[in-house]
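S.K.: compute the structure for the input listed below.
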Amino acid sequence: MIVVGAGRIGMALQQGAPEEVLLVDRATGWEALDAPPGEPVVLAVRNDDLDSVLERVPARRRHDLVFVQNGALRTFLAERGLGGAARGVLYVLAERAGPAPVARTSYVCGPHAPRVARVFSSAGMPAVAVDRAAFGVHELEKLVWLTAYAPLCEALALPVGTVDDAVPDALAELLAELGSVVAAAWDTTVPDTLLERAVGWSEAIPHYRAAVKEWPWRNGWIDAEAARLHLPTPHHRRWLTAAGR
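M.R.: This next block holds a predicted model:
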């Protein structure tokens, strides 16, 4: 399997998987993409780097791409003719220098999904292949987790593992509000498991301090979609303001 991006996920895959993982960084390894199609190419790069990476991917290899970025990617991919590309929602906290990644089950859909899930699992990051409908649920849950805990952690100066104890009502309100925006934008429904799964992931990585970042892909996307859909988001605005955003 080929992984573009020598960051935390790429290094964890290369070091942990028993099968060969070819790592492509900014300067080296790109010749691997000259091979015929058929091998999955996991793009483990920052969202803002995706366009520059796509420019270097041969057209014949686009069907092999697997996007594992956090945040709202649907419009970005559709605009580039990649709406049917393989996707991954990762529940992994990997440190560049430190212990093995903390991981809960991740989800992959689309071309190469079984192979990608198998490699992640063999590297100590369990993953399963799911269909598009199931993936959409996990995609919504992870995006809402990111956009809810980020302003709460910043405003309260707390890690994710203590937010639920500190402000349980505020967390539930914010998750429900953000979930409603994402569900409306994607023409779906808010899963009943939203709060339970959000708290569960936070309890798995209790010392992690979430932060408001990658604005156009996360909280900024929520803001823009809420405005487009004329949906009030008072809880989101309150906590962004409290976080100094």
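S.K.: can we go C-alpha only for contacts and neighbour counts from here?
M.R.: OK.
S.K.: any idea how far the residue most central in space within the chain lies from residue 44?
M.R.: By Cα atoms, centre = their mean, the chain has its centre lying nearest to residue 70, at 2.3 Å. When Cα to Cα, to the nearest Å is the yardstick, residue 70 and residue 44 sit 10 Å from each other.
S.K.: list the residues that contact the residue nearest to the centre of the chain.
M.R.: By Cα atoms under 8 Å, 6 or more residues apart in numbering, the contact set of residue 70 is 47, 89, 90, 142, 143, 217.
S.K.: wait, the fourth one touches residue 88, no?
M.R.: No: in this structure, residue 142 is not within contact of residue 88 by Cα atoms under 8 Å, at 10.9 Å.
S.K.: of those two, who's got more company?
M.R.: A direct count of neighbours by other Cα atoms under 10 Å for residue 142 and residue 88 places residue 88 higher, at 26 against 22.
S.K.: which SS state does the more buried one fall under?
M.R.: Using DSSP: H, G, I helix; E, B strand; the rest coil, the structure places residue 88 in strand.
S.K.: what's the lowest-mean-pLDDT helix or strand in the chain packed up against?
M.R.: Every helix and strand of the chain was ranked by mean pLDDT, DSSP states H and E. The lowest is helix 8-16, at a mean of 92. Counting contacts by 3 or more Cα pairs under 8 Å, 6 or more residues apart in numbering; DSSP states H and E, helix 8-16 packs against strand 22-24, helix 113-122.
S.K.: same thing but at 10 Å, please
M.R.: strand 2-4, strand 22-24, strand 41-43, strand 92-93, helix 113-122 (3 or more Cα pairs under 10 Å, 6 or more residues apart in numbering; DSSP states H and E).
S.K.: got a list of contacts for the following helix or strand past the third one?
M.R.: So the one you mean is strand 41-43. Note on strand 41-43: by DSSP states H and E, the next helix or strand toward the C-terminus is helix 50-54. Here helix 50-54 makes contact (Cα atoms under 10 Å, 6 or more residues apart in numbering) with 4-5, 26, 43-46, 62, 65, 67, 69, 76, 80.
S.K.: can you give the domain ranges for this protein?
M.R.: Here the domain parsing of the chain from automatic domain parsing is 2-130, 133-242.
S.K.: go through these and find the least confident stretch.
M.R.: Looking at the domains of the chain, the lowest mean pLDDT belongs to domain 2-130 (a mean of 94).
S.K.: quick one: that one to chain centroid distance?
M.R.: 11 Å (Cα atoms, centre = their mean, to the nearest Å).
S.K.: so what touches stretch 212-228?
M.R.: So stretch 212-228 is in contact with 46-48, 69-73, 76, 143-144, 146-154, 178-182, 184-185, 230-233, 236-237, 240, 243, 245, going by Cα under 10 Å, 6+ apart.
S.K.: what is the burial count for residue 86?
M.R.: Using other Cα under 10 Å, residue 86 has 23 neighbouring residues.
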